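Enquirer: pasting the structure only:
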Ligand code: MN
């Protein structure tokens, strides 16, 4: 018995199954597509990959609407391929990294861009800009043994039917095996970990009432509405 409350685990549906994928941690890769680094005008194009985290309970699964967050007037979308880890990895070499992938999904790294830029400038942590409630809407997980490994394919995001972001997974600076290898040098990856692999160019603001549709070739698209601020 837990004191106060029994926490609800965060889980994601698994395509083709009644079972669900349990979420342990959410790692995110920063600046992983050249055209996005250029539009942000911050950071170097040759840096090693760097990582930040979102809390597991920021993953919003099967939510019809995401509340507009407090403390921002520049709330932005970033469509990303989500890699779901299925087994433990420590210092895994690039050549073996795909062995620990359970599957893939579509996610959106929701960002308080004004707060994130302020953190850059002041040398402060990124949490306020990146790791807030409902900041990681995520679609169902497709097992890799059904869908294969996704190293290329279209990635896009529409707002109210208009294309905002359009790219290809092959444009990643650090591809999925390289990301897993790098991460596993600093953290013990474990079943249930999600990795959001970065976003192509075209990030932009969202307002209440917007309908967001995010997609990656071969995966079930993710669609949600931006609702009013709710606290
Ligand atoms: Mn991102």
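Expert: Looks like it arrived, so ask away. Quick caveat: nothing in here was measured; it's all calculated off a predicted structure.
Enquirer: which SS state does residue 182 fall under?
Expert: Three-state call for residue 182 (DSSP: H, G, I helix; E, B strand; the rest coil): helix.
Enquirer: Show me what from this structure comes close to the ion.
Expert: 78, 109, 199 (Cβ under 5 Å from the ion). Where you see a C-beta, it was placed from the backbone N, CA and C, and this is true even at glycine.
Enquirer: Please enumerate the helices of the protein.
Expert: Taking DSSP state H as the criterion, the chain contains helices spanning 34-40, 113-122, 127-130, 144-147, 176-186.
Enquirer: looking at the ones you listed, which has the lowest confidence?
Expert: Ranked by mean pLDDT, the helices of the chain bottom out at helix 34-40, which scores a mean of 86.
Enquirer: Now find how far off-centre it is within its chain.
Expert: How far helix 34-40 lies from its chain's middle: 17 Å, per Cα atoms, centre = their mean, to the nearest Å.
Enquirer: which parts of that helix are buried?
Expert: Within helix 34-40, the residues scored as buried using 16 or more other Cβ atoms under 10 Å are 36, 37, 40.
Enquirer: Name the residues that touch the worst-scoring helix or strand of the chain on mean pLDDT?
Expert: Within the chain, no helix or strand scores below helix 34-40, which has a mean of 86 by mean pLDDT, DSSP states H and E. With Cβ atoms under 8 Å, 6 or more residues apart in numbering as the test, helix 34-40 has contacts from 31, 43-45, 78, 167, 171, 173, 198-203.
Enquirer: Just the buried ones among the residues you listed, please.
Expert: Neighbour counting with 16+ other Cβ under 10 Å marks 31, 78, 167, 171, 173, 198, 199, 200, 201, 202, 203 as buried within the contacts of helix 34-40.
Enquirer: Out of those residues, flag the one nearest to residue 57.
Expert: Checking those against residue 57 with Cβ to Cβ, the nearest one is residue 78 at 19.4 Å.
Enquirer: Next one: that closest one from residue 107, what distance?
Expert: Using Cβ to Cβ, to the nearest Å, residue 78 is found at 9 Å from residue 107.
Enquirer: For these two, list the residues in contact with both.
Expert: Among the neighbours of residue 78, none is also in contact with residue 107 (Cβ under 8 Å, 6+ apart).
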